[in-house]
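Visitor: Show me the folded form of this:
(2 chains)
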Amino acid sequence: MSVLTADLPVSRSLPGWAGTAALLAVAYVAVPIFGTSYLFEAILLPFLALSLAGLGLNILTGYAGQVSLGSAAFMAVGAFAAFNFNLRVESLPLIASIALAGFAAAAIGLVFGLPSLRLKGFYLAVSTLAAQFFVQWALTKFSWFSNDSASGVIDAPPLSIAGVAFEGPVGRYLFSLTVVTVLTFLAYRLVISQTGRNFIAVRDNETAARIIGVPVLKTKLLAFAISSFIIGVAGVLWAFAYLRTVEPAGFNLDRSFQILFIVIIGGLASIRGAFFGAALIVVFPLVLSRLGSFLLGDIFDSGVLDMSQRIVLGTLIILFLILEPDGLVALWDRVRKRIGTGLRRS
Amino acid sequence: MQAMNYAFGGLGSVPFPPDVQEHLAGLDARTDDGGARHAEARDSALSLSSISLSFGGVVALTDIDISVRKGEIRAIIGPNGAGKSSLINVISGVYRPDRGHVRIGKNRYQQVPTQKLARLGIARTFQNLALFKGLSVLDNVVAGRAYTVRSTFLGQIAGLGRARREEADARDRAGRILDFLHLGHVSGRLAGTLPYGLQKRVELARALVAEPDILLLDEPMAGMTATEKNEMAGFVRAARDQYGTTVVLIEHDIGVVMGLSDRIAVLDYGRKIADGTPEEIRADQRVIDAYLGVASENEDGEGI
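Guide: You can find the predicted model right below:
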């Protein structure tokens, strides 16, 4: 234990916010200057949207301990709600549409969170599958949601807030980055608050939590609502800023699993975990395809790529669950600490 | 009188409305020792009246009457499987008794509402540790103030006045309790990483920080070394002396309990076989039999 405390001053030589501030400075200044359009379109925009979705799911699964397989459904609710609010309510600012979309996702999340009052673990996960299938069915079945578009695929409205248009890859990137930064900050404030502590208490020992006076039912539903709100907004970013189209097919069960993997690989109950996990999930297929075509040439076509992605990702998840259950975050912290002690010794 | 209790018990609780049952209980009390029991009713912090509990066909508790005076350390002892933990779980509302009721202060309950327990002034610890492993020791103890939180999550995110005051107050109290229990040096560590004895003490801290009127301790010294047991006994006594908390203590180890408690109830096979001061209990033949075992008892099938 004395070792632990002795190590602290090394990693805390800079105040905690300094790293975050530096990161934001790079993200806001350096990246827009030096980044290519490919970097924004193929990497950073999906990364930001998926990070936010991972963050939302992490609040529910990582902090409050409620497993959900319905994340993509809540993303879809967010995307379609934002589209419809924007379309049907005259002169509603886009930012208000996005906020309302978040609330719509929160409301749906609340409804599908009700089983959590009785079900736990695996059984709850299966019941959240209902959200996944129901939402996708409803969005396909009732063409009102997609404004009676023949193809079911609709164009997202342009992003603009208070007269400032966020156009082009850089504009959409800055828009996404701002939304993600604000929500991440709020989520951070939440998880260190009394409510965040209640989430962990319910996760770690529900009976003990109830006995010390944590309102268990309220806490679980709140976790579902807040998580769905964030995932809903992530859905808006995914559809409006990254794809620029809104369609139900993009929010299928695969996406739900993808977000769950982000949380598991990145690190449960960690804000940074969602970002680490999303980075891996987004960058890894690109690296794999480059590497594959470099090593194997023409044999490595898109079919093989798709298959090998699944195999490698599956292996990674198994490895992480066995070797590093706390995810990339724990790995990162250990490596940094080792470097820290190494520097001190030399 | 015991026989009478059983006779009425056999009829079940249905034929008698609660007030009649209470009257019957009162009759019992008067034939016992009227004056003492009446004085006790006035300053009783907690009382159990003819509690019976069974799981399917397994009878865990039969007709248990126990009263706890304000400010005393009341031990409930008994061999393994005597029903001690079941009793604590009845008091804290985790189990609903088949018959009987629990009186907390002025309120009477068939089943104690668990989610209101903290507000009723009751805190408890668990036989098998029930700490929040993912929280630091300090946060575990701060969580013990959860029942006082009035601020909403929005206020907490924004850091508004009430939320900030509540948080500061909870941290302040938790810090003082940690110092009181000599846990200050581990306050930053994750609760799950502490050695067993310390985790038990953190649980005590989490219970104490709620400033309960009644503290239920379910085997607080189980699995500890002799030194740790004495330390823990010291902390329990200090908690009572410092905060005036009434303590109900379940323990397996008869030795520690003798020195610590004001009064002791002894359970065996779900029945109360003795109740009194440590001296009385030490001299009680039935207690000695229950703990050491007597061959002759089995001949007439007693207690099997």
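Visitor: what does the stretch 201-346 of chain A put close to chain B?
Guide: Residues of the stretch 201-346 of chain A lying close to chain B by Cβ under 8 Å from any Cβ of the partner chain are A:201, A:203-205, A:207-216, A:222, A:226, A:269. (Each C-beta comes from the backbone N, C-alpha and C, glycine too.)
Visitor: ChimeraX command for the buried members of those?
Guide: The buried residues among those can be selected in ChimeraX (16 or more other Cβ atoms under 10 Å in any protein chain shown) with this line:
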select /A:201,203,204,205,208,209,210,211,212,213,214,215,216,222,226,269
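Visitor: Show only the entries of the residues of the stretch 201-346 of chain A next to chain B found in helices.
Guide: Members of those lying in helices (criterion: DSSP state H): A:A201, A:R203, A:D204, A:T207, A:A208, A:A209, A:R210, A:I211, A:V216, A:L222, A:I226.
Visitor: Find the nearest non-adjacent residue to A:R244, please.
Guide: A:A156 (5.0 Å; Cβ to Cβ, 6 or more residues apart in numbering or on different chains).
Visitor: got the contact list for that neighbour?
Guide: Residues in contact with A:A156 (Cβ atoms under 8 Å, 6 or more residues apart in numbering or on different chains) are A:F83, A:A239, A:F240, A:L243, A:R244, A:T245, A:V246.
Visitor: and which of those is nearest to chain B?
Guide: A:F240 (25.0 Å; Cβ to the nearest Cβ).
Visitor: Does the closest one belong to a helix, a strand or coil?
Guide: helix (DSSP: H, G, I helix; E, B strand; the rest coil).
Visitor: pretty sure it contacts A:A79?
Guide: Yes - applying Cβ atoms under 8 Å as the test, A:F240 and A:A79 come out as touching, 7.4 Å apart.
Visitor: and the residue in chain B positioned nearest to chain A, how many neighbours does it have?
Guide: Residue nearest to chain A within chain B: B:Y147 (2.6 Å; Cβ to the nearest Cβ). The tally of other residues near B:Y147 (other Cβ atoms under 10 Å in any protein chain shown) stands at 18.
Visitor: What of the one 4 residues further on?
Guide: For B:S151, the number of neighbouring residues by other Cβ under 10 Å comes to 20.
Visitor: who touches the closest residue to chain B within chain A in this structure?
Guide: As assessed by Cβ to the nearest Cβ, chain B sits closest to A:G213 within chain A, at 2.6 Å. By Cβ under 8 Å, 6+ apart, the contact list for A:G213 reads B:Q115, B:L117, B:A118, B:R119, B:A146, B:Y147, B:T148, B:A210.
Visitor: let's see 7 Å
Guide: Taking Cβ atoms under 7 Å, 6 or more residues apart in numbering or on different chains as the criterion, A:G213 is in contact with B:A118, B:R119, B:A146, B:Y147.
Visitor: how long is stretch B:52-62 from one end to the other?
Guide: 4 Å (Cα to Cα, to the nearest Å).
Visitor: how about that stretch: buried residues?
Guide: Buried-residue list, stretch B:52-62, by 16+ other Cβ under 10 Å: B:S52, B:L53, B:A60, B:L61, B:T62.
Visitor: is it true that the third one lies in a strand?
Guide: Looking back up the chat, that one is B:A60. Yes - looking at B:A60 with three-state DSSP, it is inside a strand.
Visitor: Looks like it contacts B:S54 (just checking).
Guide: Yes - B:A60 is in contact with B:S54 according to Cβ atoms under 7 Å; the separation is 6.0 Å.
Visitor: Spell out which residues are contacts of both of those two.
Guide: Joint contacts of B:A60 and B:S54 (Cβ under 7 Å, 6+ apart) do not exist.
Visitor: now the helices: where do they sit in chain B?
Guide: Using DSSP H, helices in chain B cover B:2-10, B:18-42, B:84-91, B:137-143, B:153-158, B:161-180, B:196-208, B:226-243, B:254-260, B:278-283, B:285-292.
Visitor: Which single one of the buried residues of stretch B:52-62 is nearest to B:A170?
Guide: B:L53 (35.1 Å; Cβ to Cβ).
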